[in-house]
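> compute the structure for the input listed below.
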Amino acid sequence: MDESALRMGEAAARAQSAASRMALSGRVDDASQLLETALRSREMLHQDAMSLSTAHDLAACCRWQGRLVEAEALYERVLSSRELALGHTHPTTLYTLTCIAALRIQQNKLLTADALYHEALTGLTSSLGPLHADTLTALAGLAAVRKAQGNYTEATRLFQNTIEGRCQTLGPQHPDTLAAVFQLACMHSSVLHYGDAVVLYEQVVHGFENCLGAAHPDTLSACNNLGNVHLAEGRLAEAQPLYERALSGFEASLGVAHPLTLTAVNAVAGLRWRQRRLGEAAALYNRALKGRSAVLGADHPKTLRTMQCFTELLHEQRGGVGVAPALALEHNADAPALARAWTPLSAASPLAPSP
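Numbering: from 1, shown residues only. Predicted coordinates:
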């Protein structure tokens, strides 16, 4: 390798390392730009193994930016190459399956996600053991599918098993453990166990603030969900600062069109409706509807829920009776994944598992 190629390769490695730090601190847009540059360099140098690692990390960034089509193409490219080079049952291949399964949940393709998580969980348990971090990630993903399918009993059991495993291997204040607690809090909210949900969400907010920072997207997601519980119980004054903190934080760190930002917009719209500030609520629902139609598609369940709430609100503004704004409440059940599902590859081990 000549000197210029060597320098290009070293620059790509530094860019991927810097992208790791940026993504984990919530600067996903900046991380994505660095990874795109690194990927181009490695492809020019024909560094096939390292190109896969960079493509994998870029796919994770795209997923959390809401660029789902791009994420899918990158993940499928990585999966195909790893199946060819390592085999279908290699842990690295199986972990890539869990990332694609998480993407399928975002796309509301639950049957596909279920099958992928089952395949990954079975293989990872066999090859790495039930308490390995990758195995527990697959277990948590399967629990998320069960929740989305409405099987709350099974989802609760799987989330609790994930928490127990991560407490045992990582400790109760590790971000991975807190992410599983976050998911369990979402479960309690879904079955209207609001007291339990508040306790868990407050634990997660404080834990994420300590380990990730007050402005991190995972912290903000926990704030948004805690606000949902307060709103559901009629505590509007407690919900408002949490919602406003989440919305302003998401806008600053992820941009105005990111799916998490739009979820926060939708939440504030519901709050304004309950506060009888109908003009503000209508403007916010309109913003959320346009954004979700563009980012998620017109037929996505979240887009349809926003459309339903917006329609009912407009009906009420014209003198009719609108439905309860609680229809707008949405829990960012898949949100705490930025710090955990985006774990970049080690430069020394280009084929090591990474999301």
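> neighbours around the closest residue to residue 196 other than its chain neighbours, how many?
Leaving aside its chain neighbours, residue 196 sits nearest to residue 188 (4.3 Å; criterion: C-beta to C-beta, 6 or more residues apart in numbering). Glycine gets a C-beta too; all of them are placed from N, C-alpha and C. Number of residues near residue 188 (other C-beta atoms under 10 Å) recorded here: 20.
> name the element residue 188 belongs to?
helix 175-190 (DSSP states H and E).
> who are the packing partners of that helix?
helix 133-148, helix 152-169, helix 194-211, helix 217-232 (3 or more C-beta pairs under 8 Å, 6 or more residues apart in numbering; DSSP states H and E).
> ok, for residue 61, nearest residue in space, not its chain neighbours?
For residue 61, ignoring the flanking residues on the chain, the nearest one in space by C-beta to C-beta, 6+ apart is residue 32 at 4.2 Å.
> checking that neighbour next. Helix, strand or coil?
With DSSP: H, G, I helix; E, B strand; the rest coil as the basis, residue 32 sits in helix.
> so who does it touch?
By C-beta atoms under 8 Å, 6 or more residues apart in numbering, the contact set of residue 32 is 19, 58, 61, 62, 65.
> so where's the stretch 251-355 of the chain uncertain?
By pLDDT under 70, the weakly predicted segments of the stretch 251-355 of the chain are 320-355.
> redo the contacts of residue 32 as JSON lines? Include pLDDT.
Listed next are those as JSON lines, based on pLDDT from 0 to 100:
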{"residue": "19", "pLDDT": "76"}
{"residue": "58", "pLDDT": "90"}
{"residue": "61", "pLDDT": "88"}
{"residue": "62", "pLDDT": "89"}
{"residue": "65", "pLDDT": "79"}
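> quickly name whichever of those is closest to residue 315.
Nearest to residue 315 out of the contacts of residue 32 is residue 65 (C-beta to C-beta; 34.5 Å).
> burial measure for the closest one, as a count.
Number of residues near residue 65 (other C-beta under 10 Å) recorded here: 21.
> who touches it in this structure?
So residue 65 contacts 28, 29, 32, 254, 255, 258 (C-beta under 8 Å, 6+ apart).
> from residue 67, how far out is the first one?
Counting by C-beta to C-beta, to the nearest Å, the separation of residue 28 from residue 67 is 10 Å.
> what's the answer for residue 211, then?
Residue 211 is 27 Å from residue 67, by C-beta to C-beta.
> and for residue 234?
Relative to residue 67, and taking C-beta to C-beta, residue 234 is found at 38 Å.
> compute the inter-axis angle for the helix or strand hosting residue 105 and helix 133-148.
Assigned by DSSP H and E, residue 105 belongs to helix 91-106. Helix 91-106 runs at 20 degrees relative to helix 133-148, counting by axes from the mean of the first three to the mean of the last three C-alpha atoms, to 10 degrees.
> what helices or strands is the helix or strand just after helix 91-106 leaning on?
As assigned by DSSP H and E, the chain's next helix or strand after helix 91-106 is helix 110-128. With contacts defined as 3+ C-beta pairs under 8 Å, 6+ apart, helix 110-128 has these neighbours: helix 91-106, helix 133-148.
> which residues touch helix 110-128?
Residues from elsewhere that reach helix 110-128 (C-beta under 8 Å, 6+ apart): 89-91, 94-95, 97-98, 100-102, 104-105, 132, 134-135, 138-139, 141-142, 145, 148-149.
> buried ones in it, by neighbour count?
For helix 110-128, burial by neighbour count (16 or more other C-beta atoms under 10 Å) applies to 110, 112-114, 116-117, 119-121, 123-125, 128.
> same thing with stretch 244-262?
The neighbour-count check on stretch 244-262 (16+ other C-beta under 10 Å) flags 244-247, 249-250, 253-254, 257-262 as buried.
> please apply the same query to stretch 275-292.
For stretch 275-292, burial by neighbour count (16+ other C-beta under 10 Å) applies to 281, 282, 284, 285, 286, 287, 288, 289, 291, 292.
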